[in-house]
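1. let me see the structure of the following:
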Amino acid sequence: MTRWVAQTHDNYVSLTPYNWTANSVHGFQATRQPAIWMGESGPVAVVPGFTSKDRLEIKANFDERGLNMHKETEKITPAYYSIVLDNGAGGEVLVEQSATSRVGHLRFTFNSSSGEIPYILLESSRPSVLTSTPTNITFPHGTIAISLRPGSTQVYEICGSNSERQDKIITPISTQPHVKGFNGYYCARFGYTASATSYGTVQNSTNHPLAQSGEGSLLSGYAVVGSQNVVVDVRVGTSFISIDQARKNIDAEIPDGTSLEETVRTTKAAWTEKVGRFALEGASDVQQEVFFTAVAHALQVTLLPYQEMMVCIKLGDQYPYEQNEHGSYYSGYDGKVHSGDSYTGYSIWDTYRAEWAFLILFAPERLPGMVTSMLNDFQQGGWLPMWKNLVETNIMVGTHADSLIAEAAVKGVQGFDMELAWEAVWKDATVAPTNDLTTV
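-> Numbers count the residues shown, from 1 in each chain. As a prediction, this is how the structure comes out:
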């Protein structure tokens, strides 16, 4: 449901969060941007930094908070990412991350030789670019709440939400009233090897030490850790339903007491089971790297529940991914929470020829849920999805969902309502939407 990437850029349509040519990292982002030509929805960034003991200087602004990359230390696999960063003034941090479908797992190993102490910042709401014009900026509404461990100043959780949805400008008119309340939610749960010394919020570059809540635009929360050399473990649950659901996602996927190594092993095992089905003969190392990278991209959606998340550093592909959260999901068609299966990120006119057939071969266990998801969209929105990015965007031509359902039926996929499927594809083929030529 949520991909985690090193954040080298503020992303928008035509620009993704990570670019391998960059020299600085500005945080580690939970992203739902499914393709370079589509927008972001409800992101959150986890940002390491350093500050003076005597004067708290918390850098929430994107340009100011960047840390230098030690490119030679960068490690990238589908189950694990790591890199060493420094602030140019004696502060250094090893960042490691893995993830499940709805929860990011990060570990920060700080080392400061200059006397500065580290902090972790959660960015709840940021300036958001609409379209591919970087000066077309909006300011989504955010919330934040900081909770402490009983009897201490140690931060236990930083949770929040934001209304950012960069594709809202192409939301069909019929759907717009239902998605005005859209939010992406998160809850970050902390573990330390030292006590925390301070906490607070930052809004519009103004620091509010010891504040435990806030709302509005340009909003972040932070925890300052009371040691120059410290390890901080952060598990971040994400949700489209609520903050409470984000907490439940942590408990279900990476519960308290789970080490980063355990998360990596679990996610790696799920990838190995799928990728291990392929064997190449006569391929060079470079050819194998190209082939298995393509397999990993094609299978981002298809691993076991809770384990299909790729710690990806490349966004530009367009494959569907989970939207359901342990039996429930937020629908962008009617703005309600439903029970059942839901997938999103369908760029169907790009994927109906090859990607769908690939999934039928190598992830048949996922197909009933994917078809059911499209049928749920039909029941809630009146039509099968065209380009669903959490909310229908109604862009591109044709009704290629018909082809997906037909191919699944012809190739023996079962476990979905065949009568409802026929009703949906027949309507797609024979009934034009009202004012089809004049409205969206």
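2. just checking, Ile254 touches Glu261?
-> No: counting by CB atoms under 8 Å, Ile254 stays clear of Glu261, with 11.9 Å between them. In this view, the C-beta of every residue, glycine as well, is placed from N, C-alpha and C.
3. between those two, which has more neighbouring residues?
-> Between Ile254 and Glu261, counting by other CB atoms under 10 Å, Ile254 is the more crowded of the two (26 against 12).
4. distance check, that one against Ala79.
-> From Ile254 across to Ala79, the span is 13 Å (CB to CB, to the nearest Å).
5. any idea which helix or strand comes after the helix or strand of the chain with the lowest mean pLDDT?
-> Ranked by mean pLDDT, DSSP states H and E, the helix or strand of the chain with the weakest confidence is strand 346-347, at a mean of 81. Helices and strands here follow DSSP states H and E; after strand 346-347, the next one along the chain is helix 348-351.
6. who are the packing partners of the helix or strand that that following helix is followed by?
-> Proceeding N to C from helix 348-351, the next assigned helix or strand is helix 355-362, under DSSP H and E. Secondary-structure packing of helix 355-362 (3 or more CB pairs under 8 Å, 6 or more residues apart in numbering; DSSP states H and E): helix 285-298, helix 367-381, helix 401-410.
7. what's the closest of those helices to Thr197?
-> Each of these has some distance to Thr197 by CB to CB; the shortest is helix 285-298, at 41.3 Å.
8. remind me what the closest one packs against, helices and strands.
-> helix 260-275, helix 355-362.
9. okay if I get these as TSV plus mean pLDDT?
-> What follows is these, written out as TSV (pLDDT from 0 to 100):
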stretch	mean pLDDT
helix 260-275	93
helix 355-362	92
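10. so can I have CSV of the ones you listed showing distance to Gln33?
-> Shown next, in CSV, are the helices and strands packed on helix 285-298 (distance: least, CB to CB, whole Å):
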stretch, distance to Gln33
helix 260-275, 21
helix 355-362, 18
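11. which among these is found nearest to Gly90?
-> helix 260-275 (25.5 Å).
12. so what's the gap between that closest one and the chain middle?
-> In terms of CA atoms, centre = their mean, to the nearest Å, the centre of helix 260-275 is found 18 Å from the chain centre.
13. what of stretch 206-215?
-> The answer for stretch 206-215 is 25 Å, by CA atoms, centre = their mean.
14. in that stretch, what's buried?
-> Applying a neighbour-count criterion of 16 or more other CB atoms under 10 Å, one finds 207, 212, 214-215 buried in stretch 206-215.
15. just the ones of those residues in strands?
-> Among the buried residues of stretch 206-215, the members falling in strands (DSSP state E) are 207, 214-215.
16. picking that back up, now mean pLDDT too, for the helices and strands packed on helix 355-362, in JSON lines please.
-> Output for the helices and strands packed on helix 355-362, formatted as JSON lines (pLDDT from 0 to 100):
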{"stretch": "helix 285-298", "mean pLDDT": "90"}
{"stretch": "helix 367-381", "mean pLDDT": "95"}
{"stretch": "helix 401-410", "mean pLDDT": "96"}
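17. point out the most buried one among the ones you listed.
-> Most buried of the helices and strands packed on helix 355-362, by mean neighbour count (mean count of other CB atoms under 10 Å): helix 367-381, with a mean of 21.
18. run the chain-centre distance for the helix or strand just after that helix.
-> Sequence-wise, the next helix or strand downstream of helix 367-381 (DSSP H and E) is strand 387-389. Averaging C-alpha positions (CA atoms, centre = their mean) puts strand 387-389 15 Å from its chain's average.
19. next one, pLDDT for Ala145 please.
-> At Ala145, the model reports a pLDDT of 98.
20. alpha carbons only: can I get stretch 250-262 in PDB?
-> Extracted in PDB, the C-alpha atoms of stretch 250-262 (Å, rounded to 0.1, in the frame of the first residue of the first chain):
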ATOM      1  CA  ILE A 250       1.800  -1.600  13.100                       C
ATOM      2  CA  ASP A 251       0.500  -4.100  15.500                       C
ATOM      3  CA  ALA A 252      -0.500  -6.500  12.700                       C
ATOM      4  CA  GLU A 253       2.600  -6.300  10.600                       C
ATOM      5  CA  ILE A 254       5.600  -5.100  12.700                       C
ATOM      6  CA  PRO A 255       4.500  -5.500  16.300                       C
ATOM      7  CA  ASP A 256       6.400  -4.200  19.300                       C
ATOM      8  CA  GLY A 257       9.600  -6.200  19.900                       C
ATOM      9  CA  THR A 258      10.300  -6.800  16.200                       C
ATOM     10  CA  SER A 259      13.800  -6.000  15.100                       C
ATOM     11  CA  LEU A 260      14.700  -4.500  11.800                       C
ATOM     12  CA  GLU A 261      16.600  -7.700  11.000                       C
ATOM     13  CA  GLU A 262      13.400  -9.700  11.500                       C
END
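21. quick one: contacts of it?
-> Contacts to stretch 250-262, defined as CB atoms under 8 Å, 6 or more residues apart in numbering, come from residues 96, 98, 100-103, 105-107, 187, 189, 233, 235-237, 263, 306, 326.
22. before we move on, what about stretch 205-218?
-> Stretch 205-218 is contacted by residues 56-58, 60-61, 125-127, 139-148, 198-204, 221 when judged by CB under 8 Å, 6+ apart.
23. also stretch 418-431?
-> Stretch 418-431 has contacts (CB under 8 Å, 6+ apart) with 371, 374-375, 378-379, 383-384, 399, 401-402, 405-406, 409.
24. that older thread, now the buried members of the contacts of stretch 205-218.
-> Among the contacts of stretch 205-218, the ones that count as buried by 16+ other CB under 10 Å are 56, 58, 60-61, 125-127, 139-140, 142-146, 198-203, 221.
25. can you list which of these are found in strands?
-> 125, 142-146, 198-203, 221.
26. closest one of the residues you listed to Tyr156?
-> Among those, Ile146 lies closest to Tyr156 (CB to CB), at 8.6 Å.
27. and the pLDDT at the residue nearest to that closest one when sequence neighbours are not counted?
-> The shortest distance from Ile146 to any non-neighbouring residue, by CB to CB, 6 or more residues apart in numbering, is to Gln212 (4.4 Å). On the pLDDT scale, Gln212 is placed at 97.
28. can you lay out the helices and strands packed on helix 355-362 as JSON lines showing distance to Thr153?
-> Shown next, in JSON lines, are these (distance: least, CB to CB, whole Å):
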{"stretch": "helix 285-298", "distance to Thr153": "42"}
{"stretch": "helix 367-381", "distance to Thr153": "45"}
{"stretch": "helix 401-410", "distance to Thr153": "53"}
